[in-house]
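Asks: Quick one, structure for this:
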Amino acid sequence: MSDIDARLAELGLTLPEAPAPAANYVPFVQTGNLVFVSGQISQGPDGLILGKLGADMEVEAGAKAAAACALGLLAQVKAACGGDLSKLKRVVKLTGFVNSTLEFTDQPKVINGASDLLVAVLGDAGRHSRSAVSAASLPMGVAVEIEGIFEIA
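Replies: Prediction:
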């Protein structure tokens with residue numbers, strides 16, 4: 001068990017199985033020591049996390065949806081590393097998409113759910129550059145989708 005796996009367990013978090021792509025793309029691409037992970041949609045053990053921020057979902061619930069996306073990102077990185085999360089060196093960049101109304105302006109607070117989870121799990125290696133943007137809609141009505149770039153050994 002890697003230190004990262006141990007920290008996940010300590011926090012009571014479980015990585016999902018790395019989801020297979022839903023269309024004509026791959027879940028991640030490695031080039032050199034960087035892994036580019038395709039967008040992970042908000043889903044948990046009970047299924048998709050649906051909602052539109054500013055309409056039927058509050059910021060706190062959106063942040064939890066973003067945290068679920070971060071777990072999906074880590075699951076994909078683990079798959080890219082052959083199941084060995086100890087190869088993960090740092091999170092480089094996240095791009096977060098928030099299903100929100102035109103009036104909603106707290107996208108960064110929503111994506112903080114992912115950022116906070118990654119820092120809680122990885123410490124300073126979880127600190128990253130980031131974009132948090134609004135989307136008029138997301139696939140299947142999910143609340144959040146996040147893609148990421150990670151450095152591995």
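Asks: For residue 64, see how far away the residue of the chain positioned farthest from its centre is.
Replies: The C-alpha centroid of the chain is most remote from residue 103, which lies 24.1 Å away (Cα atoms, centre = their mean). Counting by Cβ to Cβ, to the nearest Å, the gap from residue 103 to residue 64 is 22 Å. C-beta: built from backbone N, CA, C; applies to glycine.
Asks: Let me see the ranges of the helices in this protein.
Replies: 3-10, 59-80, 107-122 (DSSP state H).
Asks: what number of residues lie near residue 105?
Replies: Around residue 105 there are 12 other residues, counting by other Cβ atoms under 10 Å.
Asks: quick one, phi psi at it?
Replies: For residue 105, the backbone dihedrals are phi -130, psi 10 (criterion: degrees, to the nearest 10).
Asks: Can you give me the pLDDT of it?
Replies: The model reports residue 105 with a pLDDT of 98.
Asks: Likewise for residue 2?
Replies: Looking at residue 2, its pLDDT stands at 86.
Asks: ok, now residue 12?
Replies: At residue 12 the predicted local distance difference test score is 96.
Asks: OK, contacts around the residue lying closest to the residue farthest from the centre of the chain once chain neighbours are set aside?
Replies: If you skip the residues right next to it in sequence, residue 103 has residue 54 as its closest partner in space, 5.8 Å away by Cβ to Cβ, 6 or more residues apart in numbering. The neighbours of residue 54, taking Cβ atoms under 8 Å, 6 or more residues apart in numbering as the test, are 100-101, 103-104.
Asks: Pull the most distant pair out of these.
Replies: 100 and 103 (8.5 Å; Cβ to Cβ).
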